[in-house]
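build me a model:
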Amino acid sequence: MWTGAPKPITGRIEIDGKIKRFMGEEGADEIMEQVSVELSLTATKYTFGDDKIRLTLKFITPFLLDDPKIAFRPLSYITLRAESLDGKEHRIKIRLAFSEKAVYDEGKKLTWAGTLPYPDLKIGYIGRLIQKSLTTAGDKKEIDWGWLYLAGDSDIFVARDSARGIKSKANGARKYKKALVSEKSGAALPGRALEYALTVAYDDIHSINYFGSYKKGYWTTAYFDIVDCLREDAARREEIIARAEALDEETEERITREFGKKLLCSSGGRLPADDSVFQGRGRRRRATLYFEKYLRGRGAGRPRSLVFRLAAVFDKSARARKRDAGARF
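Got it, this is the predicted structure:
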């Protein structure tokens, strides 16, 4: 969290009955060593390993600007892959736990969590019991509303939070009560890895208070609700991840061609957590896309926002898109 507030995610892997921790501060005493980290336009890839198993985690945000329906969904992916390094079969169990602290600020709040009974997709959720969107103001504020969702190819359930090292300001307890958990068991065989993907989503209910008018995220123009979005995503996840990887390769190739082997590292066009995309009405009474940039200026003045019209980015004719496709990067 950019404010410095803890939003714990713990990760551990069990290899033939022996548990090791690869993410977070709790969950196991023994740590699986991080071997490398790689950055690209849409993803960050972490590699961990020991003498038996190589574990790869990839965090992907498919910010595909040529497809705003996909780009502005509040979804990201985590892909996990465990492969045998010693040529032997190993029994594997991977566990990721998202603390309830992700859905509120400051001290302990009452939360509600559970799973949804869809036969075609496993979905878990967690959020505050009482939702109050956009009710606080000021700098260094965490989100205090909305719902965190987890969906994917694993067992998903609600469990006791393992982030016990965090102290609640509300009651002094050294733990939070709930965590949204993904757990996957299987075998890592020589030449055949255990691999799967998760979708992490956050429904913030309302994205901004725009001059007294509460605005929903742009993604709500394409989906009935977040569950509708998750169910469609389940059918297209592999395709979207492949598109994001292709964009990464194309971008790296263009930057390398332009600047040589010394690659530039930037934000990659991702929206910071405190910026928003929403839909309003332009002067011609047509649907218009806006991007709000939140300014954290110094001094006694209150934080301000600048709003930019983005319609020109997407409202292009077929001829203009064809011309731009041949333009130099």
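
against which helices or strands is the regular element (helix or strand) spanning Thr256 packed?
Per DSSP states H and E: Thr256 is located in helix 226-259. Helix 226-259 is packed against strand 43-49, strand 75-84, strand 147-152, strand 194-203, with contacts defined by 3 or more Cβ pairs under 8 Å, 6 or more residues apart in numbering; DSSP states H and E. The C-beta positions use only the backbone N, C-alpha and C, and glycine is treated the same way.

which parts of the chain are helices?
For the chain, the helices defined by DSSP state H cover 68-71, 226-259, 311-314, 318-325.

before we move on, back to that, next, format the helices and strands packed on helix 226-259 as TSV and append distance to Ser213 and mean neighbour count.
Below are the helices and strands packed on helix 226-259 laid out as TSV (distance: least, Cβ to Cβ, whole Å; neighbours: other Cβ atoms under 10 Å):
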stretch	distance to Ser213	mean neighbour count
strand 43-49	35	17
strand 75-84	25	20
strand 147-152	22	24
strand 194-203	19	20
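
so for Gly212, which of the ones you listed sits nearest?
Nearest to Gly212 among these is strand 194-203; the distance by Cβ to Cβ comes to 22.3 Å.

can you list contacts of that closest one?
Strand 194-203 is contacted from outside by 73-83, 92, 94, 96, 98, 146-154, 182, 184, 186-188, 225-226, 229-230, 233-234, 237-238, 241, using Cβ atoms under 8 Å, 6 or more residues apart in numbering.

and with 7 Å instead?
With Cβ atoms under 7 Å, 6 or more residues apart in numbering as the test, strand 194-203 has contacts from 74-82, 92, 146-154, 182, 184, 186-188, 226, 230, 233, 237.

now Glu89: closest residue in space that isn't a chain neighbour?
Leaving out its chain neighbours, the residue that sits closest to Glu89 by Cβ to Cβ, 6 or more residues apart in numbering is Leu189, at 5.2 Å.

state the distance from that neighbour to Ile13.
Using Cβ to Cβ, to the nearest Å, Leu189 is found at 16 Å from Ile13.

who has more neighbours, these two?
Neighbours were counted for Leu189 and for Ile13 using other Cβ atoms under 10 Å; Ile13 has more, 24 against 14.

so who does that one touch?
20, 22, 32, 55, 82, 92, 94.

hang on, isn't Glu89 packed against Gly186?
No. Contact between Glu89 and Gly186 fails when scored by Cβ atoms under 7 Å: they sit 10.8 Å apart.

with neighbour numbers in mind, choose between the two.
Taking other Cβ under 10 Å, Glu89 and Gly186 do not tie; Gly186 has more neighbours (17 against 13).

per-residue pLDDT of the closest residue to that one other than its chain neighbours, please?
Nearest residue to Gly186, sequence neighbours excluded (Cβ to Cβ, 6+ apart): Leu194, at 4.3 Å. Note for Leu194: predicted pLDDT of 95.

is Leu194 bridged to anything, and to what?
On the basis of DSSP bridges, Leu194 is bridged to Ala82.

look up how far Leu80 lies from it.
Distance from Leu194 to Leu80, counting by Cβ to Cβ: 8 Å.

so what's the residue count around Pro119?
Residues lying near Pro119 (other Cβ under 10 Å) number 5.

how close does it get to Leu180?
Plainly put, Pro119 is 20 Å away from Leu180 if you go by Cβ to Cβ.

re the thing from before, how about the helices of the chain in JSON lines, adding mean neighbour count, mean pLDDT and distance to His206?
JSON lines is the format used below for the helices of the chain (neighbours: other Cβ atoms under 10 Å; pLDDT from 0 to 100; distance: least, Cβ to Cβ, whole Å):
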{"stretch": "helix 68-71", "mean neighbour count": "18", "mean pLDDT": "92", "distance to His206": "19"}
{"stretch": "helix 226-259", "mean neighbour count": "15", "mean pLDDT": "90", "distance to His206": "13"}
{"stretch": "helix 311-314", "mean neighbour count": "12", "mean pLDDT": "38", "distance to His206": "22"}
{"stretch": "helix 318-325", "mean neighbour count": "9", "mean pLDDT": "45", "distance to His206": "32"}
